[in-house]
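Asks: all I have is the shape, not the residue letters:
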């Protein structure tokens, strides 16, 4: 009896691990809402989030974060090289915070700002929201950071 219980628990554990790992490989378009082509890489995030608005009515990030004809909001220019602007860059708004920490989305200030987490300086982004990024859009950006925040 004890042996069959141990086998059952092991089988349940294996099934859970398989389900969890396959969840990471699910088609992202099923969770990204108004940006079905969004993928966890900087080119996609740049195109689908930073430089484009979406069908929910959310404005593009470069509405404010551009150096074209103005100083970018919070000194953050997302119209150019977004990796250089974000990865391992200190926040201008909140001393001691880093915008994107490769492998660590929870402590990346960018994620805190787009989620409207407690302790941020200023407003949740985009500041003219709602609409804000969907949970699925945020998930893809978190996944990009988790994967190392590179190309």
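Replies: Great, that's in hand. Remember, predicted model here, so these are calculated numbers, not experimental data. Residues are numbered from 1 along each chain as shown.

Asks: show the subsequent helix or strand relative to the helix or strand of the chain with the lowest mean pLDDT.
Replies: Ranking every helix and strand in the chain by mean pLDDT, DSSP states H and E puts helix 2-24 at the bottom, with a mean of 41. Beyond helix 2-24 in the direction of the C-terminus, DSSP states H and E gives the next helix or strand as helix 42-45.

Asks: contacts for that following helix?
Replies: Identification of contacts with helix 42-45 by Cβ atoms under 8 Å, 6 or more residues apart in numbering yields 37-38, 82-83, 140-141, 144, 149-151. Quick note: C-beta positions are derived from backbone N, CA and C, even for glycine.

Asks: repeat that for 10 Å
Replies: Taking contacts as Cβ atoms under 10 Å, 6 or more residues apart in numbering, the residues outside helix 42-45 that touch it are 28, 32, 35, 37-39, 50-51, 61, 78, 81-83, 86-87, 137, 140-141, 144, 149-151.

Asks: what residues sit buried inside that helix?
Replies: Of the residues in helix 42-45, those scored as buried under the neighbour-count criterion (16 or more other Cβ atoms under 10 Å) are 42, 44-45.

Asks: excluding chain neighbours, what is closest to residue 88?
Replies: The spatially closest residue to residue 88, leaving aside those adjacent along the chain, is residue 98, at 6.2 Å (Cβ to Cβ, 6 or more residues apart in numbering).

Asks: partner residues bridging the one you found?
Replies: Judged by DSSP bridges, the bridge partners of residue 98 are residue 90.

Asks: check it and give its pLDDT.
Replies: pLDDT, residue 98: 98.

Asks: OK, contacts around it?
Replies: Residue 98 makes contact with 86-91, 104, 107-110, according to Cβ under 10 Å, 6+ apart.

Asks: could you do residue 101 as well?
Replies: The contact partners of residue 101, by Cβ under 10 Å, 6+ apart, come to 87-88, 107-111, 145, 149.

Asks: so how far is residue 37 from it?
Replies: Using Cβ to Cβ, to the nearest Å, one obtains 26 Å as the distance from residue 101 to residue 37.
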